[in-house]
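**Student:** Make a model of this:
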Amino acid sequence: MNLYEFTLKTALPDQAIELDKIPWVPTFDGVWFKPIRFDLATGTFAHLTKITPNSAGIKRHRHTGGQVFAYTLQGQWRYLERTWVAKPGMVVYEPPGDIHTLVVDGEEEMITLFIIGGVIEYIDDDDKLILQDDVFYRMKKYADFCSQNNIPMADLCY
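**Tutor:** Alright, predicted model coming up:
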């Protein structure tokens, strides 16, 4: 068996996802996500995040168990705890354990591609856990939203 035949027998199939058929799922006031992929083996999930200007943004949180990559497509955003501002075309890397609060600057809504490994722990100012968000939490939010709105779910798991 040559390498091509072996790959066909053992590899996962590729997949092209039509993002316009995936709904924006509300998470917080003024914040939505559009899932792209759920990797159940590693706990990694990829999604677009959309946040309207002047919303509360994404509350203080910590990433555990994995790193985060973000690529800004539209608008601009920043972390209250940092001095940089992410603008279209910028890539942000967040190491595991990083704690920050995401806010949107300007008048344009922000859309950013996030690839997140592990768990997002939303915490209050006293470092008490408010909510734990991971690949299964996001899958359930997506499934519930699709069910409640009679939207067919795309197969985004592997």
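**Student:** Going by C-alpha atoms from here, please, whenever you check contacts or count neighbours.
**Tutor:** Noted.
**Student:** right, and the helix or strand after the least confident helix or strand in the chain by mean pLDDT?
**Tutor:** Using mean pLDDT, DSSP states H and E, helix 3-10 stands out as the lowest-scoring helix or strand of the chain, at a mean of 86. Following helix 3-10 in sequence order, the next helix or strand is strand 25-28 (DSSP states H and E).
**Student:** mind listing the helices for the chain?
**Tutor:** Under the criterion DSSP state H, the chain carries helices at the ranges 3-10, 135-148.
**Student:** Quick check: closest non-adjacent residue to residue 17.
**Tutor:** residue 36 (7.5 Å; CA to CA, 6 or more residues apart in numbering).
**Student:** Settle this for me: the one you found is touching residue 44, isn't it.
**Tutor:** No. At 11.0 Å, residue 36 does not count as touching residue 44 under the criterion of CA atoms under 8 Å.
**Student:** Make TSV from the helices of the chain and add distance to residue 57 and mean neighbour count to it.
**Tutor:** Supplementary listing: those in TSV, determined by distance: least, CA to CA, whole Å; neighbours: other CA atoms under 10 Å:
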stretch	distance to residue 57	mean neighbour count
helix 3-10	42	9
helix 135-148	18	16
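**Student:** do you know which of the ones you listed lies nearest residue 72?
**Tutor:** Closest to residue 72 of those is helix 135-148 (CA to CA; 20.5 Å).
**Student:** Show me what the closest one packs onto, helices and strands only.
**Tutor:** strand 25-28, strand 31-39 (3 or more CA pairs under 8 Å, 6 or more residues apart in numbering; DSSP states H and E).
**Student:** mind saving the C-alpha coords of the last one as PDB?
**Tutor:** The C-alpha trace of strand 31-39 is given here as PDB (Å, rounded to 0.1, in the frame of the first residue of the first chain):
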ATOM      1  CA  VAL A  31     -21.500  39.000  22.100                       C
ATOM      2  CA  TRP A  32     -22.000  36.100  19.600                       C
ATOM      3  CA  PHE A  33     -20.000  33.200  18.400                       C
ATOM      4  CA  LYS A  34     -20.100  31.300  15.100                       C
ATOM      5  CA  PRO A  35     -18.600  27.800  15.600                       C
ATOM      6  CA  ILE A  36     -16.200  26.500  13.000                       C
ATOM      7  CA  ARG A  37     -14.800  23.300  14.500                       C
ATOM      8  CA  PHE A  38     -15.000  21.300  17.800                       C
ATOM      9  CA  ASP A  39     -12.100  18.900  18.400                       C
END
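**Student:** angle of it against helix 135-148?
**Tutor:** Orientation of strand 31-39 against helix 135-148 (axes from the mean of the first three to the mean of the last three CA atoms, to 10 degrees) gives an angle of 120 degrees.
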